[in-house]
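Asker: The following block contains a protein sequence and its predicted model.
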Amino acid sequence: GATTDLERRTSEIVVADVVKRARVSRRTFYEEFADRGDCFLALCNRSSEISRKVIDAAADPTLPWEEQVNRAVGHYFGFMTAEPRLTHSLLFEIHALGERGLVSHRETHHAFTEQMLELAERSRENGAEIRALDYPITAAAVGAIYQLMQMIAEDEPRITVAQARSAAIELVLDVTTSRR
């Protein structure tokens, strides 16, 4: 497909690299994308969509809430750590796109926040003893998980993937089961 050569930073990739890898003409590229940044945003959006599908598939509503959280977070971390260079690009280089990168980042954060709200509500309707979440606390939890993923992508020496995954699970369980 039209993915990039992950041996280089996404910011170093030029349209000629993309069309060569995708085996399409420049004309075909520009029929789909306004520029290289537009192509990168499409990659970010597709990756986000797939990761949300991974979470949905793992969060089986027939399972207890704690098991759903363990599975959903575990699968999400598995997906995001499978291609470390791509994940780094998705988490950091999107900001180099200026306003459109910021808008895309906000939309992605909103989509993950809405997903967590929906999964929790579905589980509450199925009898899970968790509290009703509101948007601000859910957005904060999603932001914290994003920060953990950034730390992993940067090879932060103070945290391992396993520790970050455990922290994310604990955070979601604390947010959903606390009795404020």
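Answerer: Structure's in. What do you need?
Asker: separation between Thr108 and Leu91?
Answerer: Noted for Thr108: a distance of 10 Å to Leu91, by CB to CB, to the nearest Å. Quick note: C-beta positions are derived from backbone N, CA and C, even for glycine.
Asker: Phe29 now?
Answerer: For Phe29, the distance to Leu91 - CB to CB - is 25 Å.
Asker: Identify the residues contacting Glu170.
Answerer: Residues near Glu170 by CB atoms under 8 Å, 6 or more residues apart in numbering: none.
Asker: Within the helices and strands, which one has it?
Answerer: Per DSSP states H and E, Glu170 falls inside helix 161-177.
Asker: What's the separation between the residue nearest the centre of the chain and Gln163?
Answerer: The centroid of the chain falls nearest to Ser48 when counting by CA atoms, centre = their mean (5.0 Å). Relative to Gln163, Ser48 is positioned 24 Å away (CB to CB).
Asker: Likewise for Thr28?
Answerer: Taken as CB to CB, the span from Thr28 to Gln163 is 44 Å.
Asker: What of Phe33?
Answerer: 38 Å.
Asker: These two - which one has more neighbours?
Answerer: When Phe33 and Gln163 are compared for neighbours, Phe33 comes out ahead with 17 against 13, by other CB atoms under 10 Å.
Asker: what residues are up against the more buried one?
Answerer: Cys39, Ala42.
Asker: Phi and psi next, for Pro61.
Answerer: With angles defined as degrees, to the nearest 10, Pro61 sits at phi -70, psi -10.
Asker: Sorry, wrong one. I was asking about Val14.
Answerer: phi -110, psi 170.
Asker: and the closest residue to it other than its chain neighbours, how many residues sit next to it?
Answerer: In space, Val14 comes closest to Arg36 once its chain neighbours are excluded; the distance is 6.8 Å by CB to CB, 6 or more residues apart in numbering. By the measure other CB under 10 Å, the count of residues near Arg36 is 19.
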